[in-house]
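Novice: Next come a sequence and a model predicted from it.
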Amino acid sequence: MRLVQLSRDSLHFPPPEMALREPNGLLAMGGDLSPARLMNAYQRGIFPWFSPGDPILWWSPDPRAVLLPETFHLSRSMARFHRRSPYRVTMNHAFPQVVDGCAEGRQEGTWITFEVKRAWLRLYELGHAHSIEVWRDNCLVGGMYGLALGQIFCGESMFSRQENASKTALWVFTQHFIAHQGKLIDCQVLNPHTASLGAQEIPRETYLHHVETLAGQPTFPGCWHTQTLF
């Protein structure tokens, strides 16, 4: 199979099954990061990831990392911490700052370029993207952001500046998501951090089935409102 070159004049993507095995999931290159193209991609189980200076690369790995909200692994130490948590958790209070936090201070964040930030801010303005913020004494100390796709939340990145801040963001969000009929959190590719929190790998075919069945199903009213979660 060869890598497909996308046109800026068309939102068409090749089927995810055409993705390369090495590197795992690389499907296409080019196009742009317009809201319409991004929504079209995520609705087909495809996401962009690329380094600064590279063309836009589109991926659909097999297997796919996901987290079922009810299977979040809350360790004993984290449960003790949460009972005495110094943190306040909100939703959609500081989306640009959360994206900046994810882009700063770690190697994994280097792909969040100015172009990527601008694209996600536009998705947020259109009501598709959302952030979860963790505060301590009115300072932003952690958070996460991603895309709402019906009863799926496509998590993009998270960051932590203080102990357990990103874990707190995800834990509080999973409880909120469950209460609002959320079914699945997409983690894209498994890493040690998400695996320790309960994420697992499933076949791409299974993930695409989840997208087909859950993306068109609404969450309960109020799920994505600007609000305090904890």
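Specialist: That came through fine.
Novice: Find the centremost residue of the protein, please.
Specialist: Nearest to the geometric centre of the chain sits residue 155, at 1.3 Å (C-alpha atoms, centre = their mean).
Novice: In what element of secondary structure is that one found?
Specialist: Per DSSP states H and E: residue 155 is located in strand 152-160.
Novice: Can you give the contact residues for the helix or strand following that strand?
Specialist: With elements assigned by DSSP H and E, the helix or strand that comes after strand 152-160 is helix 165-179. Helix 165-179 is contacted from outside by 67, 69-70, 72, 74, 78, 82, 85, 87, 89, 91, 132-134, 136, 141-144, 153, 158-160, 182, 185, 193, 197, 219-220, 223, 229-230, using C-beta atoms under 8 Å, 6 or more residues apart in numbering. Using the backbone N, CA and C atoms, a C-beta is placed for each residue, glycine as well.
Novice: cool, stretch 13-21 as well?
Specialist: 1, 3-4, 6, 25-28, 40-41, 44-46, 58-62, 204, 208.
Novice: if I pick residue 133, what's in contact with it?
Specialist: Here residue 133 is in contact with 89-91, 93-94, 97-98, 140, 142-143, 169 (C-beta under 8 Å, 6+ apart).
Novice: quick one: the closest residue to residue 126 other than its chain neighbours and residue 127, what's the gap?
Specialist: Nearest residue to residue 126, sequence neighbours excluded (C-beta to C-beta, 6 or more residues apart in numbering): residue 35, at 5.8 Å. Taking C-beta to C-beta, to the nearest Å as the measure, residue 35 falls 10 Å from residue 127.
Novice: more crowded one of the two?
Specialist: Shown here are residue 35 and residue 127; by other C-beta atoms under 10 Å, residue 35 has more neighbours (15 against 10).
Novice: Can you pull the phi/psi pair for the more buried one?
Specialist: Torsion angles at residue 35 (phi, psi; degrees, to the nearest 10) stand at phi -50, psi -40.
Novice: Run a quick check on it versus residue 120, I expect a contact.
Specialist: No: assessed by C-beta atoms under 8 Å, residue 35 is found out of contact with residue 120, at 9.7 Å.
Novice: which residues of this protein fall in strands?
Specialist: 4-6, 26-30, 47-48, 57-59, 64-67, 88-91, 129-136, 139-149, 152-160, 184-188, 200-202, 227-228 (DSSP state E).
Novice: now the ones you listed in JSON lines, with distance to residue 19?
Specialist: Below are the strands of the chain laid out as JSON lines (distance: least, C-beta to C-beta, whole Å):
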{"stretch": "strand 4-6", "distance to residue 19": "10"}
{"stretch": "strand 26-30", "distance to residue 19": "4"}
{"stretch": "strand 47-48", "distance to residue 19": "12"}
{"stretch": "strand 57-59", "distance to residue 19": "7"}
{"stretch": "strand 64-67", "distance to residue 19": "11"}
{"stretch": "strand 88-91", "distance to residue 19": "33"}
{"stretch": "strand 129-136", "distance to residue 19": "24"}
{"stretch": "strand 139-149", "distance to residue 19": "19"}
{"stretch": "strand 152-160", "distance to residue 19": "17"}
{"stretch": "strand 184-188", "distance to residue 19": "13"}
{"stretch": "strand 200-202", "distance to residue 19": "15"}
{"stretch": "strand 227-228", "distance to residue 19": "37"}
